[in-house]
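Participant: next comes the sequence, and after it the predicted model I'd like to discuss.
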Amino acid sequence: GIPMDWVLVLNVVASAVLLLVSSYLVPWWTQVCYRGGVSQVLAQMCARTLVIWLLPMAAALLMSDGCLRGWTRLWSLCSTPLFDRTISLTDLQEMAPTEVGFLTRESVCEVSGAG
């Protein structure tokens with residue numbers, strides 16, 4: 001799986017990003033909107049809603065297996081050719097060796113262009 005060090009780092013980084021956005025970017029955005037004639041309350045509600053919904057949704061899209069599969073960049077097995085293995089089996093009826101392939105790195109770790 002993903003190394004625990006990476007999980008801990010991602011947890012701290014995600015928390016820090018949300019804290020910085022909430023503490024600095026939202027108040028700045030509220031002031032910019034207020035100078036432009038938008039209510040401070042409305043601007044702050046919109047900004048906080050984006051922080052609560054947009055950032056987590058973006059993270060989910062980035063890491064989701066069905067979308068950008070960002071988790072594969074963190075999985076150490078995706079940076080090695082470990083998946084690219086075949087074994088040779090002998091068919092007992094014909095006594096001819098048969099190559100059997102398993103999962104490849106591309107099938108597990110690469111983002112598919114189709115979909």
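Facilitator: Received, thanks. Numbering: from 1, shown residues only.
Participant: where does this protein dip in pLDDT?
Facilitator: For the chain, the stretches with pLDDT under 70 are 1-2, 83-102, 112-115.
Participant: mind jotting down where the helices sit in this protein?
Facilitator: 4-20, 26-35, 40-49, 55-63, 71-74, 105-109 (DSSP state H).
Participant: OK, contacts around the closest residue to residue 25 other than its chain neighbours?
Facilitator: Once flanking residues are discounted, residue 25 sits nearest to residue 47: 7.5 Å by C-beta to C-beta, 6 or more residues apart in numbering. Glycine gets a C-beta too; all of them are placed from N, C-alpha and C. By C-beta atoms under 8 Å, 6 or more residues apart in numbering, the residues touching residue 47 are 25, 26, 29, 30.
Participant: before we move on, what about residue 10?
Facilitator: By C-beta under 8 Å, 6+ apart, residue 10 lies in contact with residue 74.
Participant: measure the residue nearest the centre of the chain to residue 41 for me?
Facilitator: Residue closest to the average C-alpha location in the chain (C-alpha atoms, centre = their mean): residue 63, at 2.1 Å. Residue 63 sits 33 Å away from residue 41, taking C-beta to C-beta, to the nearest Å as the criterion.
Participant: so what's the residue count around residue 109?
Facilitator: Counted by other C-beta atoms under 10 Å, the residues lying close to residue 109 total 18.
Participant: same check on residue 75?
Facilitator: For residue 75, the neighbour count with other C-beta under 10 Å is 16.
Participant: could you do the one 5 residues further on as well?
Facilitator: For residue 80, the tally of surrounding residues (other C-beta under 10 Å) stands at 11.
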